[in-house]
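Colleague: quick one: sequence plus predicted model below, questions after.
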Amino acid sequence: MIDTFAEIYTKAYPDTEFRNPAYPSQAIVTVIGRICADTDEGKANEQSLVLETSRSLGLGSRVRLDVTELPGFSFFPGQIVVLSGINANGYTFAVTTLHEVRIQWESRKWRYCVVILLSISLASLEHRCPPCPWLQQALSSSMSFTIRN
């Protein structure tokens, strides 16, 4: 999924070259990955954020995120983001810029990714919340959603 988003993003922004966020570098690099928490227990917070890379860009590794330089942010587990920053020591990626992703909806592949992401988000919500009928209905309808041209 991360590779698909990277492909779509580079088509919209051809000058972008993604790097491995886990690789130490003194230069500012642009990366793409999935937001995760370092533990499944408790709520995700600023100190528990990690970025999971794709298999092709970073062998699926995870690197801790330092978001202290961002003036404001809102992440959720599973969100795919494009970031710029520095990983001086190989362990922590210091984020300097959170890129806004503006992609046109012309691509069928992009619409497919959004539907999958919505389904994953709803499934994640179901896992963390007590069962409720409206969520079950939303899950069953989103899973059977088909994309038409």
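Modeller: Received, thanks.
Colleague: and residue 57, what does it touch?
Modeller: 2, 3, 6, 18, 19, 20, 31, 32, 33 (CB atoms under 8 Å, 6 or more residues apart in numbering). To be clear about C-beta, it is placed using only N, CA and C from the backbone, and glycine gets the same treatment.
Colleague: distance of the fourth one from residue 58?
Modeller: When distances are taken as CB to CB, to the nearest Å, residue 18 and residue 58 turn out to be 9 Å apart.
Colleague: what do you get for residue 27?
Modeller: Residue 27 is 17 Å from residue 58, where distance means CB to CB.
Colleague: before we move on, what about residue 100?
Modeller: Residue 100 sits at a distance of 22 Å from residue 58 (criterion: CB to CB).
Colleague: residue 81 now?
Modeller: 14 Å.
Colleague: follow-up on the earlier one: give me the more crowded residue out of residue 27 and residue 58.
Modeller: Ranked by neighbour count (other CB atoms under 10 Å), residue 27 and residue 58 place residue 58 first, with 22 against 6.
Colleague: so who does the nearest residue in space to that one that is not next to it in sequence touch?
Modeller: Of all residues not flanking residue 58 in the chain, residue 20 sits nearest, at 4.2 Å (CB to CB, 6 or more residues apart in numbering). Residue 20 sits next to 31, 53, 57, 58, 61 when contact means CB under 8 Å, 6+ apart.
Colleague: want to throw the residues you listed into TSV with distance to residue 95 and pLDDT?
Modeller: Shown next, in TSV, are the contacts of residue 20 (distance: CB to CB, whole Å; pLDDT from 0 to 100):
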residue	distance to residue 95	pLDDT
31	9	96
53	14	92
57	17	83
58	16	82
61	17	89
